[in-house]
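Colleague: predicted model and sequence below, questions to follow.
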Amino acid sequence: MKKIFSLALIVILAFTCVAYADLRIGMLTRSAVSEEDFNSSIIQQDFQWKKMKGDHTQKNIFVFYDSIPQLLLALQSDKVDEISIPEDVAKYLVAINPDYTITCEMVTSGMDFVFGFMRNDKGFELQEKFNEAIARLKGNRKLEDLKEKYIRAENFDKLPPIKFSNFEGAPVVTIAVTGDIPPIDFVSPEGEAAGFNAALLAEIGRSLKINIKLVNITAGARTISLTSGEADVVFWYTVMSDSPTQSDIPEDVIISNPYHSCTSTLHVRKKN
């Protein structure tokens, strides 16, 4: 009888440990905050968790990865229990892969997506021009139309190719895209920007009458692409208004006004 009781107690304790064990959560590398500092700062944040499945607390361990493919590989190989990504990206991944499911929602006061430039004369000039273009696209609702067509689309694989205008004698602006946050920053299997990023950049090129040249990088190489001169502009950085300690903006980078925003971060895990 004592052996049966002891075995039952062991089983109960085992399940209890599994239920309340800290989760390992993968996320894209933050440009201005180390993994260690991020984990230290998030313990102090009072995030509101919704649709909880698992022990989602500030004690969970966040692990940085440089790209979405690396995040998904870590998820598949059980190096992380979940991945934490912007809501539009999570909905896209679940829509194209039936093996994934959304487990919970971390509500924030907003995550803005912005362009990044070097903090120098050229960067300030580009910042001003891009802000003008964003304002025009918002004013004529073209930006909202692009979001409906490319971010909230139901058939991502049937979207038309993007055509860039060519202005003879106009300056060439090199813009780094990652493909790491589809469908916002999307690169096709053939290695071409083919979603919202390309559509928005094509419109900005036409608005400013400049020629756009794209280069592919990973999320972790965004700032390096600017400082090395490989790119004049990085397509995306993120700004979380309620979490200044988790800034994605390095000191030597300036940013544009937002061109897209998310109101929450969703966690994705394997269905099994």
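Modeller: Everything's here; your move.
Colleague: low-confidence stretches in the stretch 51-200 of the chain?
Modeller: Applying pLDDT under 70 to the stretch 51-200 of the chain picks out residues 51-58, 107-109, 155-158.
Colleague: let's go with 50 and repeat that
Modeller: Along the stretch 51-200 of the chain, the model assigns pLDDT under 50 to residues 51-54.
Colleague: need the strands for it, in chain order.
Modeller: 61-65, 82-86, 100-118, 172-177 (DSSP state E, counting those that start in this stretch).
Colleague: give the buried residues for the last one.
Modeller: Looking back up the chat, that one is strand 172-177. Residues of strand 172-177 classed as buried: 173, 175, 176, 177 (neighbour count, 16 or more other C-beta atoms under 10 Å). In this view, the C-beta of every residue, glycine as well, is placed from N, C-alpha and C.
Colleague: thinking again about what came up before, pick the most buried one from the strands of the stretch 51-200 of the chain.
Modeller: Mean neighbour counts were compared across the strands of the stretch 51-200 of the chain using mean count of other C-beta atoms under 10 Å; the top stretch is strand 82-86, at a mean of 23.
Colleague: what's the domain layout of the chain?
Modeller: Taking automatic domain parsing as the reference, the chain has its domains at 2-108, 112-263.
Colleague: tell me which of those sits most buried.
Modeller: Mean neighbour counts were compared across the domains of the chain using mean count of other C-beta under 10 Å; the top stretch is domain 112-263, at a mean of 17.
Colleague: isn't residue 75 right next to residue 83, touching?
Modeller: Yes: proximity of residue 75 to residue 83 meets the contact threshold set by C-beta atoms under 8 Å, at 5.5 Å.
Colleague: can you check which residues contact both of these two?
Modeller: Applying C-beta atoms under 8 Å, 6 or more residues apart in numbering, one finds that residue 75 and residue 83 are jointly contacted by 26, 268, 269.
Colleague: strands - which of those residues land there?
Modeller: If you go by DSSP state E, the shared contacts of residue 75 and residue 83 have 26, 268, 269 in strands.
Colleague: between the residues you listed, which is nearest residue 35?
Modeller: For residue 35, the closest of those turns out to be residue 26, at 10.8 Å, with distances computed as C-beta to C-beta.
Colleague: how much space between the closest residue to the closest one other than its chain neighbours and residue 179?
Modeller: Taking C-beta to C-beta, 6 or more residues apart in numbering, and ignoring the residues beside it in sequence, residue 26 has residue 80 as its nearest neighbour in space, at 3.9 Å. When C-beta to C-beta, to the nearest Å is the yardstick, residue 80 and residue 179 sit 20 Å from each other.
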